[in-house]
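[1] Sharing a model that was predicted from the sequence below.
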Amino acid sequence: MAKIQSIKKSHNDSFARVEGVATIEFENTISIDTAKQLIAKNLAIEDVNLVQILDLSTKYGKQIAEAEFEAYDNAEAMNKVEVIPKKVRAKMAEEAKKAYEEKKKQIEEQKKAEEEAKAAAEAEKSVETKEETTETKEEVLEAKEE
């Protein structure tokens, strides 16, 4: 079980975040996710994603790690400050394009289905009107015979 031994922090008002270094004592290994959770719990931050670990280094031969971190006050401040790498931005744009294409296909399929339904309804109406016209012709012929 990991726990925080000490934490040095300072609030940066211009970026709306807390910057600091935490000394974490752990048993077997420590991961970035574990460090994020411990720091968020210590700073009373509900959303773990608002904590960014800049550096996580362990001391050789000891079960102690130092984590440099930034904890943002809210998601809006984080999105304003954090830089998204070029490869990630390209991937996000590609995913957005695929989602747009899929939505466009679904709309086209719905329109096709509606058009087919209208055509089928019109075909049924025309069949019904043809039956009515043939009945009236038969009635006319019967009336002439009488």
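    Sure, I can see it.
[2] and residue 69, what does it touch?
    Contact analysis of residue 69 by CB atoms under 8 Å, 6 or more residues apart in numbering lists 19, 20, 21, 22, 35, 36, 39, 51, 52, 53, 54. C-betas here are computed from N, CA, C, even on glycine.
[3] ok, so what distance separates it from residue 44?
    Computed as CB to CB, to the nearest Å, the residue 69 to residue 44 distance reads 14 Å.
[4] So what's the predicted local confidence for residue 17?
    What the model reports for residue 17 is a pLDDT of 88.
[5] what number of residues lie near the residue lying closest to it once chain neighbours are set aside?
    With CB to CB, 6 or more residues apart in numbering as the criterion, residue 17 has its nearest non-adjacent residue at 4.6 Å, and that residue is residue 72. Applying other CB atoms under 10 Å, we find 23 other residues in the vicinity of residue 72.
[6] pretty sure residue 72 contacts residue 79?
    No: with contacts counted by CB atoms under 8 Å, residue 72 stays clear of residue 79, the gap being 9.0 Å.
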